[in-house]
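Enquirer: Sequence and computational prediction follow.
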Amino acid sequence: MQIELIGCTGAGKSTLAGRIVEACHACGIEVVRSNDFVLQRVGLHWIERRLARTLLLDVISLLTCLVRWRTKRGLYRFTIRTIARLRASWFERLNLARNVFKKIGIHEIVRHHAGDERVVLVDEGSLQAAHNLFVHLSVGVNPADIATFAGLAPLPDVAIYVKEHERVLVERTIARGHKRIRSRSGAQVEVFIRRAIQTFEVLARQPELVGRLLVVGPDEDVRGWPSEGGHPALPRALEILRVGMGALRAERAGPLPQGGSCTTPVDDVMPGTCRKA
């Protein structure tokens, strides 16, 4: 099962992903992050240096994209056309294409090898490629392009849309910077963030995501409860999300307990979950 976190830069996707993995392990729920899963497949998960891991993932995912060319050529052509329209240097365009194809390649590896029982968490996946394709200062957001992308992109079993207040996103982006914002001026960052928010709001409304989308609001409220007609993986994804959210709240309230204990009460998740004390 593949669960992907999507959302704007600075929304807290990576932080939430880390807490989900840590808290699920403490609760006896096996969850692995996508990069680790891919490197495990080729026996290279022992490599710790970030640059080496990044280069390996680039090569593995791009080779996977080449293998999947026949079934994914419509998406590849759309990606190339979209990036070619941008007013950017050839190096920036190449880097954008690399990132998009990397996300697609990792998705395909997880989809074909994880199975239904293995839970793989992705915080830079195929849907997040919308940020690479559509969030730019040089061009506005075109909802029609996002609709086309949603129809072509390979979908995770469940997507978790992590939202945050615009003001917080702007502050975080000014503090950390972004490669596609040449200066850290407040005006440019605000435009960039507003386009990112628009991109994911439009993406979240696409019919392809109906029944497979959970939304974590700025106040940590979760929407998108399992219902009839939803993806079969949705209840389990909600269970895993709530375990991670519980750990995140506990961390903000004080130091995390030592010894790998589960911090989320059973009744706050779903029946049969997190029974460790």
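Expert: That came through fine. Residues are numbered from 1 along each chain as shown.
Enquirer: From now on I want contacts and neighbour counts done on CA atoms only, so please keep to that.
Expert: Fine.
Enquirer: Now do the helices in the stretch 101-250 of the chain.
Expert: Taking DSSP state H, counting those that start in this stretch, the helices of the stretch 101-250 of the chain run over residues 129-134, 143-152, 166-176, 186-204, 234-253.
Enquirer: Now do the third one, average pLDDT.
Expert: Confidence over helix 166-176, taken as the mean pLDDT, stands at 95.
Enquirer: That helix vs helix 186-204, what angle?
Expert: 120 degrees (axes from the mean of the first three to the mean of the last three Cα atoms, to 10 degrees).
Enquirer: Give me the contact list for helix 166-176.
Expert: Residues outside helix 166-176 that contact it (Cα atoms under 8 Å, 6 or more residues apart in numbering) are 8-11, 184-186, 189-190, 193-194.
Enquirer: Recalculate using a threshold of 7 Å.
Expert: For helix 166-176, the external contacting residues (Cα atoms under 7 Å, 6 or more residues apart in numbering) are 10-11, 184, 189-190, 193.
Enquirer: circling back: could the helices of the stretch 101-250 of the chain go into CSV alongside mean neighbour count and distance to residue 50?
Expert: Listed next are the helices of the stretch 101-250 of the chain as CSV, based on neighbours: other Cα atoms under 10 Å; distance: least, Cα to Cα, whole Å:
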stretch, mean neighbour count, distance to residue 50
helix 129-134, 22, 21
helix 143-152, 16, 30
helix 166-176, 16, 19
helix 186-204, 19, 27
helix 234-253, 20, 24
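Enquirer: Residue 118: which of those helices is closest?
Expert: helix 234-253 (11.5 Å; Cα to Cα).
Enquirer: how about the strands in the stretch 1-150 of the chain?
Expert: 2-6, 31-33, 119-122 (DSSP state E, counting those that start in this stretch).
Enquirer: sorry, back to before: nearest to residue 91, of the contacts of helix 166-176?
Expert: The closest of those, once distances to residue 91 are taken by Cα to Cα, is residue 184, at 20.8 Å.
Enquirer: The closest one: neighbour count?
Expert: 14 (other Cα atoms under 10 Å).
Enquirer: residues in contact with it?
Expert: With Cα under 7 Å, 6+ apart, residue 184 has these contacts: 174, 177.
Enquirer: What's the separation between it and residue 93?
Expert: In this structure, residue 184 and residue 93 are 21 Å apart, going by Cα to Cα, to the nearest Å.
Enquirer: same deal with residue 99?
Expert: 10 Å.
Enquirer: Okay, buried residues for stretch 114-125 please.
Expert: 114, 119-125 (16 or more other Cα atoms under 10 Å).
Enquirer: Ignore what I typed, I meant stretch 21-30.
Expert: For stretch 21-30, by 16+ other Cα under 10 Å, it's 21-27, 29.
Enquirer: ok, residue 161 touching residue 212?
Expert: No - here residue 161 lies out of contact with residue 212, judged by Cα atoms under 7 Å, at a distance of 10.6 Å.
Enquirer: Mind giving me the packing neighbours of the helix-or-strand element of the chain with minimal mean pLDDT?
Expert: Within the chain, no helix or strand scores below strand 222-223, which has a mean of 87 by mean pLDDT, DSSP states H and E. Secondary-structure packing of strand 222-223 (3 or more Cα pairs under 7 Å, 6 or more residues apart in numbering; DSSP states H and E): strand 213-216.
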